[in-house]
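Peer 1: Compute the structure for the input listed below.
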Amino acid sequence: MTQSSAAIAPSLLTADFARLGEEAQAMEAAGADRIHWDVMDGSFVPNLTIGPDVVAAARKHTALPFEVHLMVSDPNVLLSRWVDAGCERIIVHAESPGCTHLHRVLGAIAELGARAGLALNPGTPLSAAEPVLDLLDLLLVMTVNPGFGGQAYIKTMEAKTAAAAAMIAGSGRTVELEVDGGIAPATVAGAVVAGARVLVVGSALYRHTDGIPAAISELHGLINAALGAPVAPALSTN
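Peer 2: Residues are numbered from 1 along each chain as shown. Purely as a prediction, here's the structure:
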């Protein structure tokens, strides 16, 4: 993926959990770019999803890259297990109690051979990412509050996304900018114009009346159209 393109990363949170391997395989056939695994522990967020054994079982069904989004109180506990399960990218939350020593957590991810990502909740300022930008391969701007699928897109996060894009550009580093939450045909253009280049899409894929391949094809078309638009002005990163 180049900065002039954008990746679609389906979340399988809405999928049939009894057949996640087949669901991942279907996403690859439909034209997805990577799989986004939403991991929730019932503590950091009020929901409970999957563990590394489930992801490892799905790994053999697809060649798509895996990224794991750890919405958990302490991501340190199973870091090596997620890498062993086949996750190339590990995304932790700046707000997690286990990320008090954020440099150490991100460094541990890199030492395990994975790419380190940092997620910011809607209420967390972008300045939380600045001290660790040199350790990041990916920055995730949440466009909903984490914990549940199917939530409405918070449009005011587009200004934060634009500011994140400006911060990354100013750093001279290659850091993927991802958004997650409420991404659908009606919202994808705004996120892309703001600078997002990885788009996590969940329930919108499953709601599409013509099926998942048609949904991904439509989103790719909307992305390509939006990439020709001017980037939205950035706000202060504070």
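Peer 1: Now do the strands in the protein.
Peer 2: Ranges of strands in the chain, per DSSP state E, are 7-10, 35-40, 66-71, 89-93, 115-120, 138-142, 176-180, 198-201.
Peer 1: Tell me the strands beside the first one, with direction?
Peer 2: In other words, strand 7-10. Paired with strand 7-10 in the same sheet, following DSSP bridges, are strand 198-201 (parallel).
Peer 1: Redo the strands of the chain as CSV? Include distance to L79.
Peer 2: Every C-beta, even on glycine, is put in place using the N, C-alpha and C of the backbone. Formatted as CSV, the strands of the chain follow (distance: least, Cβ to Cβ, whole Å):
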stretch, distance to L79
strand 7-10, 20
strand 35-40, 12
strand 66-71, 9
strand 89-93, 7
strand 115-120, 10
strand 138-142, 16
strand 176-180, 19
strand 198-201, 21
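Peer 1: Distance across stretch 169-178, terminal residue to terminal residue?
Peer 2: One end of stretch 169-178 sits 14 Å from the other (Cα to Cα, to the nearest Å).
Peer 1: Go through that stretch and flag the buried ones.
Peer 2: Buried residues in stretch 169-178, counted by 16 or more other Cβ atoms under 10 Å: V175, E176, L177, E178.
Peer 1: do stretch 179-190 as well
Peer 2: V179, D180, G181, G182, I183, A184, T187, V188, A189, G190.
Peer 1: Kindly reformat the strands of the chain as CSV and extend each row with mean pLDDT and distance to L48.
Peer 2: What follows is the strands of the chain, written out as CSV (pLDDT from 0 to 100; distance: least, Cβ to Cβ, whole Å):
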stretch, mean pLDDT, distance to L48
strand 7-10, 97, 20
strand 35-40, 98, 6
strand 66-71, 98, 10
strand 89-93, 98, 16
strand 115-120, 98, 18
strand 138-142, 98, 19
strand 176-180, 98, 18
strand 198-201, 98, 19
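Peer 1: Which one of the ones you listed lies nearest to V132?
Peer 2: Closest to V132 of the strands of the chain is strand 115-120 (Cβ to Cβ; 6.5 Å).
Peer 1: Quick check: the two most widely separated of the buried residues of stretch 179-190?
Peer 2: The distance between the two most remote of the buried residues of stretch 179-190 (Cβ to Cβ) is 16.5 Å, for D180 and A189.
Peer 1: any low-confidence regions in the chain?
Peer 2: 1-4, 229-238 (pLDDT under 70).
Peer 1: Which residue comes closest to W37 once chain neighbours are left out?
Peer 2: If the residues on either side of it in the chain are set aside, W37 comes closest to V68, at 4.6 Å by Cβ to Cβ, 6 or more residues apart in numbering.
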